[in-house]
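Novice: What follows is a predicted protein model with its sequence.
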Amino acid sequence: MDPPEVQDEARQRRRHPALATWRRLMRHRLFVTGLALFGVVALAAALAPLIAPGDPNRLAMRFKFLPPSAEHIFGTDNFGRSQWSRVIWGAQLSVAMGLAVVALNAVFGTLIGAVAGYFRRADNFIMRINDALMAFPAILLAMGITSVLGPTAVNVAIAVAIAYVPRTARIVRASVIVLREMEYVQAAVAAGAGHWRILRRHILPNAMAPLIVQLSFLFAYAVLSEATLSFLGLGAVPPTPTWGNIMAQGRQYMTDAPWIIAIPGVALMITVLGLNLLGDGLRDVLDPRLRIQQ
Amino acid sequence: MILVVLRRLASAVPILLLVSLVAFGLMRLIPGDASAAIAGLSATPEQIASIRAQLGLDQPFLTQLLRWYDGLLHGDLGRSLLLGQPVIEATFLRLPVTLALSAYALVLTLILGLASGIVAALRQNSWVDQLAMLLAMFGISMPSFWLGLLMILIFAVHLGWLPSGGYIALSEDPVGWLRTSTMPAISLALLQAGLLARITRSTMLEVLRQDYIRTARAKGLPPHLVIFKHALANALIPIITVIGIVVSLLISASVVIESLFSIPGMGQLLTQAVLNRDYPMVQGGLLLVTMLLVLINLAVDVGYELLDPRVRHGSA
């Protein structure tokens, strides 16, 4: 006989599968740490107009290069701009950008992966193109696309999304191919369900776990790619504050004002670390088979 | 063996064809016209027309495509607008710098990643394991250019131990090369080492659970023999397949690291090309780097097939 709490959990899982998964996630220490780290950044991004009401681009030359203090929490930069405002608004841009890349990947990656995995005739053709796109190093492809489209925040999001969609599609395809051969899918075919219905009702819901895990890591890559591109001068153009361009500008003053590069760097690292921990936790809980392959 | 290599090469051909098609298409994606974008806002229509002719953009699409492939076959990828040099020449001047730096970073990655992964697996769930995995997680999450900036601040600005940037070729002065390449290589290696440590640990754990390891231990083999001869030999095979990915990530990460440390490699060349709308250079450089990576991955796959008897006999 199982101990009562195991029975309890089993009963709960039958009734509310999502709730049971959530409870298992909340027992995963690293997942909770990741959630807390990323939560702080996401909250700061969402509340930017409230917690950083000052204009991030307001110049105040007499306040320039002030180290962090009670009055200027994160200090000021070479133009006397409030680093607090700039880093918080930078967080908003980073999170929005990550969300956009994740959303584009969720839609197009799923679509391409599902079609390739389900329709054998399309598979070879689609995956060849997919492989060719995957052969390009993601950041270089994103750079090339940004150079072609022009350096704006929206274009960076599009470029990074294009660079990663083939990778997402590949993961969805792999699950769809396995699920396609399952007996319950055969049963649905025998019952006369159409392709579209089978994909939507029977296959895709079961292919979600690896996709969700992939998307949480993708969020981290997207934020990192955006910061890298804008550090190189290929992202949103100053004075729009992004973590990357704050660091690029702060670089020449880093001897005297190291906080200008230190704070956005810490923010970036907290975001990426939080998302990576979230991804690890989701993988452990949702899809334990992936654990070994990483 | 030759058969394995040939079959792999044949499978790379369609990928390379498509990769070059994507690179070709990239320049045609520019909203409006590449020549107008290159010439700038103040250009006269005549200037734009001359750039159009120079790039061959005034030709029909199919002619452009045929010319592109014709050029590829003859090793002609056009001229860099910024440098006035053929794209191929500019690439081959810069590539050795990136390859030397990547090789240095790869060595660091292998030492750090394999050692910490193996130690963590052998002491599973101990504090050593937890510390190693915590460090690996930090390595994975640390933006490489930020790590580079911090190292410049500490080791170049404050301590003055190493130069903050610049590059001395390995062939000119090996010590100078080490001094200029060490910080960039560490910045590049930490992320990959974190990834490799995690993969090594999980692969080792998987192998250590196998029956033959228990047998080897039971028959009284010394632990180091069990670990290095029996376990590691088998764990290394899946790890080798990751090396292709690591090299590819190292070369992409070198884009930002080379710009940060002013190292005149491929990454800096491409960044400059992108910033200056030097489209032929972007297109050709992207293509050449990608082709190189396809070939490196191919070599890794061949090595894998030759090393692993199961794959070798299974596919023959």
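Specialist: Good, I have the coordinates. Residues are numbered from 1 along each chain as shown, chains lettered A, B, ... in the order given.
Novice: Can you give me the neighbour number for residue 232?
Specialist: No chain specified, so I'll use chain A. Using other Cβ atoms under 10 Å in any protein chain shown, A:Leu232 has 26 other residues around it. Where you see a C-beta, it was placed from the backbone N, CA and C, and this is true even at glycine.
Novice: meant chain B, my bad for not saying
Specialist: Around B:Leu232 there are 18 residues (other Cβ under 10 Å).
Novice: Return the residues in contact with it.
Specialist: The contact partners of B:Leu232, by Cβ atoms under 8 Å, 6 or more residues apart in numbering or on different chains, come to B:Ile118, B:Met204.
Novice: Let me know the distance separating it from B:Leu307.
Specialist: With distances taken as Cβ to Cβ, to the nearest Å, B:Leu232 is found 13 Å from B:Leu307.
Novice: same deal with B:Ser11?
Specialist: Counting by Cβ to Cβ, the gap from B:Ser11 to B:Leu307 is 19 Å.
Novice: and the stretch 51-200 of chain B, which residues reach chain A?
Specialist: B:137-138, B:140-143, B:145-146, B:149-150, B:152-153, B:157, B:195, B:198-199 (Cβ under 8 Å from any Cβ of the partner chain).
Novice: Need the max-distance pair from these.
Specialist: Greatest spacing in these, by Cβ to Cβ: B:Val157 and B:Ile199 (35.3 Å).
Novice: between these two, which one's more packed in?
Specialist: A count of neighbours by other Cβ under 10 Å puts B:Ile199 above the other of B:Val157 and B:Ile199, at 24 against 13.
Novice: Where does pLDDT dip in chain A?
Specialist: Scanning chain A for pLDDT under 70 picks out A:1-15, A:61, A:63, A:70, A:80, A:288-294.
Novice: Quick check: nearest residue in space to the residue nearest to the spatial centre of it, chain neighbours excluded?
Specialist: Centroid-nearest residue in chain A, with Cα atoms, centre = their mean: A:Phe219, separated by 0.9 Å. Closest residue in space to A:Phe219, ignoring its immediate chain neighbours: A:Gly98 at 4.5 Å, by Cβ to Cβ, 6 or more residues apart in numbering or on different chains.
Novice: if we can go back for a sec, in which helix or strand would I find the residue nearest to the centre of chain A?
Specialist: Using DSSP states H and E, A:Phe219 maps to helix A:208-231.
Novice: buried residues in that helix?
Specialist: For helix A:208-231, a neighbour-count test (16 or more other Cβ atoms under 10 Å in any protein chain shown) marks A:208-211, A:213-231 as buried.
Novice: do the same with stretch B:259-272
Specialist: Across stretch B:259-272, burial judged by 16+ other Cβ under 10 Å covers B:259-261, B:263-272.
Novice: try stretch B:48-56
Specialist: Buried residues in stretch B:48-56, counted by 16+ other Cβ under 10 Å: B:Ile48, B:Ile51, B:Arg52, B:Leu55.
Novice: which one among these gets closest to chain A?
Specialist: Distances from chain A to the buried residues of stretch B:48-56, taken as Cβ to the nearest Cβ, are shortest for B:Leu55 (13.9 Å).
Novice: State whether the closest one and B:Ser35 are indeed in contact, as I suppose.
Specialist: Yes. Judged on Cβ atoms under 8 Å, B:Leu55 makes contact with B:Ser35 at a distance of 6.2 Å.
Novice: same question for the helix or strand B:Asp70 falls within, mean pLDDT?
Specialist: Element membership for B:Asp70, per DSSP H and E: helix B:61-73. The pLDDT scores in helix B:61-73 average 82.
Novice: How far away from the center of its chain is that helix?
Specialist: Helix B:61-73 sits 28 Å away from the centroid of its parent chain (Cα atoms, centre = their mean, to the nearest Å).
Novice: now swap in stretch B:277-291 and tell me
Specialist: With Cα atoms, centre = their mean, you get 15 Å for stretch B:277-291.
Novice: which residues sit in contact with the residue nearest to the centre of chain A?
Specialist: A:Gly98, A:Leu99, A:Val101, A:Val102, A:Leu275.
Novice: 10 Å instead?
Specialist: By Cβ atoms under 10 Å, 6 or more residues apart in numbering or on different chains, A:Phe219 lies in contact with A:38, A:94-95, A:97-99, A:101-102, A:105, A:271-272, A:274-276, A:278-279.
Novice: after whatever helix or strand A:Ala163 lives in, next one along is what?
Specialist: A:Ala163 belongs to helix A:153-180 when assigned by DSSP H and E. Sequence-wise, the next helix or strand downstream of helix A:153-180 (DSSP H and E) is helix A:183-190.
Novice: returning to that earlier point: got the buried residues of stretch B:48-56 as JSON lines, with pLDDT columns?
Specialist: Shown next, in JSON lines, are the buried residues of stretch B:48-56 (pLDDT from 0 to 100):
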{"residue": "B:Ile48", "pLDDT": "77"}
{"residue": "B:Ile51", "pLDDT": "76"}
{"residue": "B:Arg52", "pLDDT": "74"}
{"residue": "B:Leu55", "pLDDT": "73"}
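Novice: Same list (those) but as JSON lines, adding secondary structure and distance to B:Ala299.
Specialist: Listed next are these as JSON lines, based on DSSP: H, G, I helix; E, B strand; the rest coil; distance: Cβ to Cβ, whole Å:
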{"residue": "B:Ile48", "secondary structure": "helix", "distance to B:Ala299": "44"}
{"residue": "B:Ile51", "secondary structure": "helix", "distance to B:Ala299": "39"}
{"residue": "B:Arg52", "secondary structure": "helix", "distance to B:Ala299": "40"}
{"residue": "B:Leu55", "secondary structure": "helix", "distance to B:Ala299": "34"}
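Novice: Many thanks, have a good one.
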